[in-house]
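K.L.:
Sequence and predicted model, in that order:
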Amino acid sequence: MEFRYSSGNYEIRGRVLNDASAWTNSNWFVISDAPHYIELDWRAATSDGANDGGLTLWIDNVQQADLTSVDNDTWRVDRARLGALSGMDAGTSGTYYFDAFESRRSTYIGPMAQGPSPILAYPLSPRERAGVRESQSHFTNYRFSPPQQSGSLTFTPADDAHIFNASPTNDYGSATTLQVDDSPVKHFVLKFDVTGINSQTVTNAKLCLYNVDGANAGGDFHHVSDDTWQEETVIWNNAPTADTGVLASLGAVSANTWYEVNLTAHVIGDGTYSLRISDSQGGADYSSKEGSNAPKLLIALGGATPQSFDFVSLRPHRPDTCTALCSMQCNSHSDILSCCRCDVLQFLPLFARDSRLFQDSGK
(Lines give C-alpha, C1' and ligand atoms only; values in the text may rest on other atoms or scores of the structure.)
Protein backbone atom coordinates (compact mmCIF):
# COMPACT_ATOMS: atom_id res chain seq x y z
CA MET A 1 0.00 0.00 0.00
CA GLU A 2 1.48 3.36 -1.02
CA PHE A 3 0.42 6.82 0.12
CA ARG A 4 1.52 10.19 -1.27
CA TYR A 5 0.71 13.90 -1.50
CA SER A 6 0.76 15.01 -5.12
CA SER A 7 -0.48 18.13 -6.93
CA GLY A 8 -2.42 19.23 -3.87
CA ASN A 9 -4.12 15.87 -3.35
CA TYR A 10 -3.69 12.98 -0.93
CA GLU A 11 -3.52 9.76 -2.95
CA ILE A 12 -3.29 6.05 -2.26
CA ARG A 13 -2.71 2.95 -4.38
CA GLY A 14 -2.10 -0.78 -4.04
CA ARG A 15 0.97 -2.65 -5.33
CA VAL A 16 1.79 -6.36 -5.56
CA LEU A 17 5.20 -7.90 -6.25
CA ASN A 18 5.59 -10.93 -8.55
CA ASP A 19 8.20 -13.70 -8.54
CA ALA A 20 10.38 -11.70 -10.96
CA SER A 21 10.47 -8.83 -8.40
CA ALA A 22 8.38 -6.64 -10.70
CA TRP A 23 5.50 -4.53 -9.39
CA THR A 24 1.91 -4.53 -10.56
CA ASN A 25 0.26 -1.26 -9.53
CA SER A 26 -3.30 -0.03 -9.20
CA ASN A 27 -4.28 3.49 -10.21
CA TRP A 28 -3.78 6.30 -7.72
CA PHE A 29 -6.99 7.16 -5.84
CA VAL A 30 -7.59 10.61 -4.36
CA ILE A 31 -8.69 10.64 -0.72
CA SER A 32 -9.72 13.61 1.42
CA ASP A 33 -7.93 14.99 4.47
CA ALA A 34 -10.23 13.03 6.79
CA PRO A 35 -10.47 9.60 8.45
CA HIS A 36 -10.74 6.68 6.01
CA TYR A 37 -11.10 2.90 6.12
CA ILE A 38 -8.36 1.33 3.98
CA GLU A 39 -8.46 -2.42 3.47
CA LEU A 40 -6.50 -4.79 1.26
CA ASP A 41 -6.66 -8.50 0.50
CA TRP A 42 -3.31 -9.92 -0.68
CA ARG A 43 -3.32 -13.36 -2.30
CA ALA A 44 -0.39 -15.60 -3.22
CA ALA A 45 -0.69 -17.70 -6.37
CA THR A 46 -1.75 -21.23 -5.53
CA SER A 47 1.13 -22.96 -7.36
CA ASP A 48 3.99 -22.49 -9.80
CA GLY A 49 2.57 -21.29 -13.09
CA ALA A 50 -0.97 -20.82 -11.76
CA ASN A 51 -0.64 -17.03 -12.03
CA ASP A 52 -3.72 -16.51 -9.87
CA GLY A 53 -2.25 -14.24 -7.19
CA GLY A 54 -3.47 -10.72 -6.68
CA LEU A 55 -4.50 -7.84 -4.47
CA THR A 56 -7.86 -6.16 -3.88
CA LEU A 57 -8.15 -2.66 -2.44
CA TRP A 58 -11.15 -1.11 -0.66
CA ILE A 59 -11.44 2.54 0.36
CA ASP A 60 -14.28 3.49 2.69
CA ASN A 61 -16.29 0.33 2.07
CA VAL A 62 -15.99 0.60 -1.75
CA GLN A 63 -13.80 -1.73 -3.83
CA GLN A 64 -11.49 0.46 -5.90
CA ALA A 65 -8.98 -1.97 -7.42
CA ASP A 66 -8.56 -5.68 -8.06
CA LEU A 67 -5.13 -6.74 -9.37
CA THR A 68 -5.30 -10.29 -10.73
CA SER A 69 -3.29 -12.88 -12.71
CA VAL A 70 -0.12 -12.25 -10.72
CA ASP A 71 2.67 -14.87 -10.62
CA ASN A 72 3.66 -14.62 -6.94
CA ASP A 73 3.50 -18.19 -5.60
CA THR A 74 6.94 -17.86 -3.92
CA TRP A 75 5.98 -14.79 -1.87
CA ARG A 76 4.46 -14.75 1.62
CA VAL A 77 3.45 -11.96 4.02
CA ASP A 78 5.40 -12.22 7.25
CA ARG A 79 4.87 -8.77 8.73
CA ALA A 80 2.90 -5.54 8.31
CA ARG A 81 4.56 -2.19 8.84
CA LEU A 82 2.63 1.07 9.22
CA GLY A 83 4.29 4.40 8.49
CA ALA A 84 6.82 5.94 6.15
CA LEU A 85 9.17 3.41 4.53
CA SER A 86 11.03 5.53 1.96
CA GLY A 87 10.83 8.59 -0.23
CA MET A 88 10.87 11.13 2.61
CA ASP A 89 12.35 14.50 1.63
CA ALA A 90 15.07 15.89 3.89
CA GLY A 91 13.57 18.00 6.67
CA THR A 92 10.11 16.47 6.35
CA SER A 93 8.28 16.03 9.66
CA GLY A 94 4.77 15.09 10.66
CA THR A 95 2.57 12.49 12.27
CA TYR A 96 0.72 9.45 10.92
CA TYR A 97 -2.47 8.54 12.79
CA PHE A 98 -3.61 4.91 12.70
CA ASP A 99 -6.80 4.63 14.75
CA ALA A 100 -7.08 0.87 14.33
CA PHE A 101 -5.39 -2.05 12.62
CA GLU A 102 -6.90 -5.48 12.12
CA SER A 103 -5.68 -8.56 10.30
CA ARG A 104 -7.78 -11.61 9.47
CA ARG A 105 -7.40 -14.70 7.34
CA SER A 106 -10.93 -14.32 6.05
CA THR A 107 -13.07 -12.26 3.72
CA TYR A 108 -13.66 -8.52 3.51
CA ILE A 109 -13.91 -6.99 6.99
CA GLY A 110 -15.60 -3.64 6.35
CA PRO A 111 -15.83 -0.56 8.57
CA MET A 112 -16.05 -1.22 12.32
CA ALA A 113 -17.00 1.10 15.15
CA GLN A 114 -14.06 -0.14 17.17
CA GLY A 115 -11.37 -2.76 17.02
CA PRO A 116 -11.45 -6.05 18.88
CA SER A 117 -11.24 -5.91 22.67
CA PRO A 118 -9.43 -8.45 24.79
CA ILE A 119 -11.39 -10.92 26.91
CA LEU A 120 -10.21 -11.40 30.47
CA ALA A 121 -11.73 -14.30 32.38
CA TYR A 122 -10.91 -15.55 35.86
CA PRO A 123 -12.91 -18.75 36.21
CA LEU A 124 -10.74 -20.46 38.85
CA SER A 125 -11.23 -20.13 42.56
CA PRO A 126 -8.30 -19.01 44.78
CA ARG A 127 -7.72 -22.66 45.80
CA GLU A 128 -7.60 -23.71 42.15
CA ARG A 129 -5.20 -20.91 41.29
CA ALA A 130 -2.98 -22.25 44.05
CA GLY A 131 -3.00 -25.66 42.36
CA VAL A 132 -5.59 -27.41 44.54
CA ARG A 133 -8.01 -29.36 42.38
CA GLU A 134 -11.58 -29.32 43.62
CA SER A 135 -13.62 -32.49 43.60
CA GLN A 136 -16.48 -31.63 41.27
CA SER A 137 -17.79 -29.18 38.76
CA HIS A 138 -19.91 -26.30 39.94
CA PHE A 139 -21.40 -23.09 38.67
CA THR A 140 -19.87 -19.62 38.76
CA ASN A 141 -21.53 -16.25 38.24
CA TYR A 142 -19.87 -13.81 35.87
CA ARG A 143 -20.63 -10.12 35.51
CA PHE A 144 -20.57 -8.75 32.00
CA SER A 145 -19.01 -5.25 32.04
CA PRO A 146 -18.39 -3.64 28.65
CA PRO A 147 -15.30 -1.43 28.68
CA GLN A 148 -15.31 2.13 27.38
CA GLN A 149 -15.00 2.07 23.60
CA SER A 150 -14.08 4.71 21.06
CA GLY A 151 -13.78 4.81 17.30
CA SER A 152 -15.28 6.31 14.18
CA LEU A 153 -17.86 5.52 11.52
CA THR A 154 -18.00 6.65 7.90
CA PHE A 155 -21.13 6.62 5.74
CA THR A 156 -21.88 7.51 2.13
CA PRO A 157 -25.42 8.56 1.21
CA ALA A 158 -28.11 5.96 0.79
CA ASP A 159 -29.80 8.46 -1.54
CA ASP A 160 -28.90 11.88 -2.94
CA ALA A 161 -30.32 14.08 -5.70
CA HIS A 162 -30.86 17.68 -6.64
CA ILE A 163 -34.31 19.04 -7.49
CA PHE A 164 -35.11 21.88 -9.90
CA ASN A 165 -37.99 24.32 -9.46
CA ALA A 166 -38.10 25.11 -13.19
CA SER A 167 -38.39 21.39 -14.06
CA PRO A 168 -40.61 20.18 -11.22
CA THR A 169 -41.27 16.71 -12.69
CA ASN A 170 -37.70 15.82 -13.66
CA ASP A 171 -35.66 13.38 -11.57
CA TYR A 172 -31.91 14.00 -11.20
CA GLY A 173 -31.06 11.09 -8.92
CA SER A 174 -28.49 9.64 -11.32
CA ALA A 175 -26.63 12.92 -11.86
CA THR A 176 -22.99 13.16 -10.82
CA THR A 177 -23.52 16.55 -9.17
CA LEU A 178 -25.65 17.99 -6.38
CA GLN A 179 -26.69 21.53 -7.30
CA VAL A 180 -27.99 24.36 -5.14
CA ASP A 181 -28.90 27.84 -6.38
CA ASP A 182 -31.24 30.75 -5.74
CA SER A 183 -31.80 31.67 -9.41
CA PRO A 184 -32.92 29.41 -10.95
CA VAL A 185 -33.98 27.76 -7.70
CA LYS A 186 -32.31 24.41 -7.08
CA HIS A 187 -32.07 22.38 -3.89
CA PHE A 188 -30.52 19.01 -3.14
CA VAL A 189 -31.41 16.30 -0.66
CA LEU A 190 -29.23 13.77 1.16
CA LYS A 191 -30.10 10.67 3.18
CA PHE A 192 -27.79 8.64 5.41
CA ASP A 193 -28.56 5.34 7.15
CA VAL A 194 -26.49 5.39 10.35
CA THR A 195 -25.74 2.15 12.21
CA GLY A 196 -23.09 1.00 14.66
CA ILE A 197 -23.37 3.74 17.28
CA ASN A 198 -25.38 1.55 19.66
CA SER A 199 -24.95 2.91 23.21
CA GLN A 200 -21.88 4.96 22.42
CA THR A 201 -21.82 8.75 22.47
CA VAL A 202 -21.42 10.81 19.31
CA THR A 203 -18.61 13.27 20.06
CA ASN A 204 -18.44 14.72 16.56
CA ALA A 205 -20.44 14.36 13.35
CA LYS A 206 -19.59 16.18 10.17
CA LEU A 207 -20.82 16.09 6.61
CA CYS A 208 -18.05 16.27 4.00
CA LEU A 209 -18.90 17.62 0.53
CA TYR A 210 -16.57 17.97 -2.43
CA ASN A 211 -17.22 21.17 -4.40
CA VAL A 212 -16.95 21.10 -8.19
CA ASP A 213 -18.31 24.58 -8.94
CA GLY A 214 -17.56 27.44 -6.55
CA ALA A 215 -19.95 30.14 -5.36
CA ASN A 216 -20.25 33.00 -2.89
CA ALA A 217 -22.41 30.82 -0.66
CA GLY A 218 -22.27 27.07 -0.22
CA GLY A 219 -25.82 26.48 1.01
CA ASP A 220 -28.08 26.29 4.06
CA PHE A 221 -28.60 22.85 5.60
CA HIS A 222 -32.03 21.89 6.95
CA HIS A 223 -33.33 18.79 8.71
CA VAL A 224 -35.98 16.73 6.90
CA SER A 225 -38.39 14.61 8.94
CA ASP A 226 -39.69 12.50 6.02
CA ASP A 227 -37.12 9.80 5.21
CA THR A 228 -39.29 7.84 2.75
CA TRP A 229 -38.05 9.60 -0.41
CA GLN A 230 -35.71 7.85 -2.85
CA GLU A 231 -33.28 9.31 -5.35
CA GLU A 232 -34.84 7.40 -8.26
CA THR A 233 -38.20 9.11 -7.82
CA VAL A 234 -37.67 12.38 -5.94
CA ILE A 235 -38.60 15.51 -7.91
CA TRP A 236 -39.40 19.09 -6.95
CA ASN A 237 -43.12 18.35 -6.73
CA ASN A 238 -42.79 15.46 -4.24
CA ALA A 239 -39.56 16.33 -2.43
CA PRO A 240 -39.71 16.20 1.39
CA THR A 241 -40.33 19.50 3.13
CA ALA A 242 -37.43 20.94 5.10
CA ASP A 243 -37.65 22.30 8.62
CA THR A 244 -37.51 26.09 8.75
CA GLY A 245 -34.56 26.10 11.13
CA VAL A 246 -31.04 26.03 9.67
CA LEU A 247 -28.67 23.39 11.08
CA ALA A 248 -25.59 24.93 9.48
CA SER A 249 -24.49 27.07 6.53
CA LEU A 250 -21.48 27.22 4.26
CA GLY A 251 -19.96 30.51 3.17
CA ALA A 252 -17.99 31.00 -0.03
CA VAL A 253 -16.81 27.74 -1.60
CA SER A 254 -14.20 26.99 -4.25
CA ALA A 255 -14.02 24.18 -6.80
CA ASN A 256 -11.94 21.03 -6.18
CA THR A 257 -12.10 21.48 -2.41
CA TRP A 258 -13.64 19.47 0.43
CA TYR A 259 -15.94 21.29 2.86
CA GLU A 260 -17.21 20.19 6.25
CA VAL A 261 -20.60 20.86 7.85
CA ASN A 262 -20.86 20.30 11.60
CA LEU A 263 -23.87 18.07 12.41
CA THR A 264 -22.83 16.98 15.91
CA ALA A 265 -25.99 18.34 17.53
CA HIS A 266 -28.14 16.67 14.89
CA VAL A 267 -26.73 13.13 14.65
CA ILE A 268 -27.21 11.60 18.10
CA GLY A 269 -27.62 7.86 17.47
CA ASP A 270 -28.49 5.12 15.01
CA GLY A 271 -31.21 5.93 12.51
CA THR A 272 -31.94 7.55 9.15
CA TYR A 273 -31.04 11.21 8.66
CA SER A 274 -32.27 13.32 5.75
CA LEU A 275 -31.19 16.84 4.83
CA ARG A 276 -32.41 19.42 2.33
CA ILE A 277 -29.97 22.07 1.20
CA SER A 278 -31.14 25.45 -0.10
CA ASP A 279 -29.35 28.69 -1.03
CA SER A 280 -30.27 32.35 -0.73
CA GLN A 281 -27.46 33.67 -2.93
CA GLY A 282 -25.17 32.36 -5.65
CA GLY A 283 -25.05 28.70 -6.62
CA ALA A 284 -22.74 25.80 -5.87
CA ASP A 285 -22.31 22.28 -7.21
CA TYR A 286 -20.95 19.31 -5.27
CA SER A 287 -20.04 15.77 -6.24
CA SER A 288 -22.88 13.30 -5.70
CA LYS A 289 -22.42 9.65 -4.72
CA GLU A 290 -22.45 8.92 -8.45
CA GLY A 291 -19.57 11.37 -8.88
CA SER A 292 -15.85 10.86 -8.25
CA ASN A 293 -15.91 12.19 -4.66
CA ALA A 294 -19.07 11.04 -2.91
CA PRO A 295 -20.39 12.91 0.14
CA LYS A 296 -19.44 11.38 3.47
CA LEU A 297 -20.84 11.50 6.97
CA LEU A 298 -17.99 11.08 9.47
CA ILE A 299 -18.94 10.21 13.05
CA ALA A 300 -16.53 10.14 15.99
CA LEU A 301 -17.58 8.03 18.97
CA GLY A 302 -16.89 8.30 22.68
CA GLY A 303 -17.24 5.66 25.39
CA ALA A 304 -20.13 3.24 25.55
CA THR A 305 -22.72 3.53 28.27
CA PRO A 306 -21.63 1.05 30.99
CA GLN A 307 -23.90 -1.97 31.41
CA SER A 308 -23.81 -5.12 33.50
CA PHE A 309 -25.39 -8.53 33.08
CA ASP A 310 -25.22 -11.50 35.42
CA PHE A 311 -25.22 -14.97 33.98
CA VAL A 312 -24.18 -18.44 35.02
CA SER A 313 -21.43 -20.46 33.40
CA LEU A 314 -20.52 -24.10 34.06
CA ARG A 315 -16.97 -24.35 35.38
CA PRO A 316 -15.50 -27.62 34.06
CA HIS A 317 -12.84 -29.40 36.11
CA ARG A 318 -12.29 -32.65 34.24
CA PRO A 319 -10.28 -32.61 31.01
CA ASP A 320 -12.79 -34.86 29.25
CA THR A 321 -15.67 -32.55 30.27
CA CYS A 322 -13.70 -29.57 29.09
CA THR A 323 -13.02 -31.20 25.76
CA ALA A 324 -16.71 -31.96 25.26
CA LEU A 325 -17.73 -28.42 26.11
CA CYS A 326 -15.14 -26.59 24.09
CA SER A 327 -14.21 -28.95 21.27
CA MET A 328 -10.58 -28.56 22.26
CA GLN A 329 -8.11 -31.00 23.77
CA CYS A 330 -7.15 -30.46 27.41
CA ASN A 331 -4.30 -32.68 28.53
CA SER A 332 -3.71 -31.40 32.03
CA HIS A 333 -5.25 -29.44 34.85
CA SER A 334 -3.23 -26.41 33.76
CA ASP A 335 -5.26 -26.29 30.56
CA ILE A 336 -8.52 -25.81 32.42
CA LEU A 337 -8.18 -22.02 32.39
CA SER A 338 -8.24 -22.01 28.59
CA CYS A 339 -11.15 -24.44 28.53
CA CYS A 340 -13.16 -22.36 30.94
CA ARG A 341 -12.47 -19.32 28.86
CA CYS A 342 -13.82 -21.20 25.86
CA ASP A 343 -16.85 -22.16 27.92
CA VAL A 344 -17.46 -18.52 28.84
CA LEU A 345 -17.24 -17.54 25.19
CA GLN A 346 -20.10 -19.90 24.38
CA PHE A 347 -22.34 -17.56 26.36
CA LEU A 348 -21.00 -14.43 24.69
CA PRO A 349 -23.46 -14.24 21.76
CA LEU A 350 -26.33 -14.13 24.23
CA PHE A 351 -25.12 -10.80 25.57
CA ALA A 352 -22.98 -9.06 22.97
CA ARG A 353 -21.90 -9.23 19.36
CA ASP A 354 -18.30 -8.27 19.97
CA SER A 355 -15.58 -8.86 22.50
CA ARG A 356 -16.16 -7.48 26.00
CA LEU A 357 -14.47 -7.55 29.36
CA PHE A 358 -15.36 -10.24 31.87
CA GLN A 359 -14.61 -10.01 35.55
CA ASP A 360 -15.07 -12.66 38.22
CA SER A 361 -17.91 -11.73 40.54
CA GLY A 362 -16.24 -13.67 43.36
CA LYS A 363 -19.31 -15.84 43.93
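P.N.:
All right, it came through fine.
K.L.:
Where does the prediction get shaky in the protein?
P.N.:
Along the chain, the parts satisfying pLDDT under 70 run over 85-87, 95-150, 303-363.
K.L.:
Kindly list the longest strand within it.
P.N.:
Counting residues, the longest strand found in the chain (DSSP state E) is strand 200-213.
K.L.:
Contacts only, for the residue nearest to Gly271 when sequence neighbours are not counted.
P.N.:
Among residues not flanking Gly271 along the chain, Val194 sits closest, at 5.9 Å (CB to CB, 6 or more residues apart in numbering). Bear in mind the C-beta positions are built from the backbone N, C-alpha and C, glycine included. For Val194, the contacting residues are 153, 155, 267, 269-273, 297, 299, by CB atoms under 8 Å, 6 or more residues apart in numbering.
K.L.:
so what strands line up beside the longest strand of the chain?
P.N.:
strand 257-262 (antiparallel), strand 283-287 (antiparallel), strand 296-304 (antiparallel) (DSSP bridges).
K.L.:
how about JSON lines for these, with mean neighbour count added?
P.N.:
Output for these, formatted as JSON lines (neighbours: other CB atoms under 10 Å):
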{"stretch": "strand 257-262", "mean neighbour count": "16"}
{"stretch": "strand 283-287", "mean neighbour count": "24"}
{"stretch": "strand 296-304", "mean neighbour count": "19"}
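K.L.:
Write the ChimeraX selection for whichever of the contacts of Val194 are buried.
P.N.:
Those of those that count as buried under 16 or more other CB atoms under 10 Å are selected in ChimeraX with:
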select :153,155,267,273,297,299
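K.L.:
Where strands are concerned, which of the contacts of Val194 count?
P.N.:
Going by DSSP E, the strands hold 153, 155, 271-273, 297, 299 from these.
K.L.:
between these, which is closest to Ser7?
P.N.:
Leu297 (27.2 Å; CB to CB).
K.L.:
right, and that closest one touches Leu209 too?
P.N.:
No - the pair Leu297 / Leu209 is not scored as a contact, 10.4 Å apart, by CB atoms under 8 Å.
K.L.:
Would you reformat the contacts of Val194 as TSV and include distance to Ala90?
P.N.:
Compiled in TSV, those are given as follows (distance: CB to CB, whole Å):
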residue	distance to Ala90
Leu153	38
Phe155	40
Val267	43
Gly269	48
Asp270	48
Gly271	50
Thr272	51
Tyr273	47
Leu297	39
Ile299	39
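K.L.:
From the contacts of Val194, pick the one nearest Ser69.
P.N.:
Phe155 (34.0 Å).
K.L.:
ok, what's across the strand from that closest one?
P.N.:
Counting by DSSP bridges, Phe155 is bridged to Leu297.
K.L.:
And for the one 5 residues further on?
P.N.:
Here Asp160 sits in beta bridges with Leu190, as judged by DSSP bridges.
K.L.:
how many neighbours does it have?
P.N.:
Other residues within reach of Asp160, judged by other CB atoms under 10 Å, total 26.
K.L.:
That one: what's it in contact with?
P.N.:
Contact analysis of Asp160 by CB under 8 Å, 6+ apart lists 173, 178, 188-191, 231, 288-289, 295.
K.L.:
before we move on, what about Thr177?
P.N.:
162, 212-213, 285-288, 291.
K.L.:
can I see the domain layout of this structure?
P.N.:
Here the domain assignment for the chain is 1-111, 126-148+306-360, 151-303, based on automatic domain parsing.
K.L.:
Point out the most buried one among these.
P.N.:
The highest mean neighbour count among these, using mean count of other CB atoms under 10 Å, belongs to domain 151-303: a mean of 18.
K.L.:
now Val224, nearest residue through space, not along the chain?
P.N.:
Spatial nearest neighbour of Val224, chain neighbours left out: Ser274 (3.8 Å); criterion: CB to CB, 6+ apart.
K.L.:
Sweet, I'm off.
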